[in-house]
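Engineer: Predicted structure and sequence below. I'll ask about it afterward.
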Amino acid sequence: MNISEAARQTGLSAKQIRDYEKHGLLAPAQRHNNGYRHYNENDLIRLKFIRHAREVGFSLQQTAELLKLQDNPHRNSSEVKALTAKHIEALNTQIQSLQNMVLELQRWHDACKGDGCPECPILEGLVGSNQKVS
């Protein structure tokens, strides 16, 4: 199948597929005489794996590591679990950071009267603590 059909079946764009090939996550596609890429069922399985890994936030490097483990029939599942635990920890750190941002923005938002006066706690908060915006 060609790249547009592979894209349709995997939920990826043709550009993403070419990028994954460029980054070595997918072996270079076979080419037809006309130069068009050709993908088989194994390529689709690999592309779906990549898409799922990216959907849960694994980086390209982490996805490459997971693919190496997937390709190794003698893999040790503890390696997969350790990589995933590290990713979960990073996601939890990001979540905490985002929650802190929401709290700060909400505090500024709640303090802003939103009326016609020029004082704005949101702008003051963005400038820095205890500094007035002129």
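Structural biologist: Received the coordinates, thanks.
Engineer: C-alpha only now, for contacts and for neighbours.
Structural biologist: Fine.
Engineer: Now do the buried residues in the helix ranked longest in the chain.
Structural biologist: Scanning the chain for the longest helix, with DSSP state H as the assignment, gives helix 77-111. Residues of helix 77-111 classed as buried by neighbour count (16 or more other Cα atoms under 10 Å): His87, Leu105, Trp108, His109.
Engineer: and the nearest residue in space to the last one that is not next to it in sequence, what helix or strand is that in?
Structural biologist: Once its chain neighbours are removed from consideration, His109 has its nearest residue in Ile122; the separation is 6.3 Å (Cα to Cα, 6 or more residues apart in numbering). Element membership for Ile122, per DSSP states H and E: helix 121-127.
Engineer: pLDDT averaged over that helix - what is it?
Structural biologist: The pLDDT scores in helix 121-127 average 93.
Engineer: so who does Asn40 touch?
Structural biologist: Met1 (Cα atoms under 8 Å, 6 or more residues apart in numbering).
Engineer: Quick check, pLDDT for it.
Structural biologist: 95.
Engineer: Count the residues that sit near the nearest residue to Ala27 once chain neighbours are set aside.
Structural biologist: Spatial nearest neighbour of Ala27, excluding adjacent residues (Cα to Cα, 6+ apart): Glu21 at 6.0 Å. For Glu21, the tally of surrounding residues (other Cα atoms under 10 Å) stands at 15.
Engineer: helix or strand right after the host helix or strand of Glu21?
Structural biologist: Following DSSP H and E, one finds Glu21 within helix 14-22. As assigned by DSSP H and E, the chain's next helix or strand after helix 14-22 is strand 30-31.
Engineer: Which neighbouring elements make contact with that following strand?
Structural biologist: Under the contact criterion of 3 or more Cα pairs under 8 Å, 6 or more residues apart in numbering; DSSP states H and E, strand 30-31 touches strand 37-38.
Engineer: now for the helix or strand following the strand it packs on, which elements pack on it?
Structural biologist: Note on strand 37-38: by DSSP H and E, the next helix or strand toward the C-terminus is helix 41-55. Counting contacts by 3+ Cα pairs under 8 Å, 6+ apart, helix 41-55 is packed against helix 3-10, helix 60-71.
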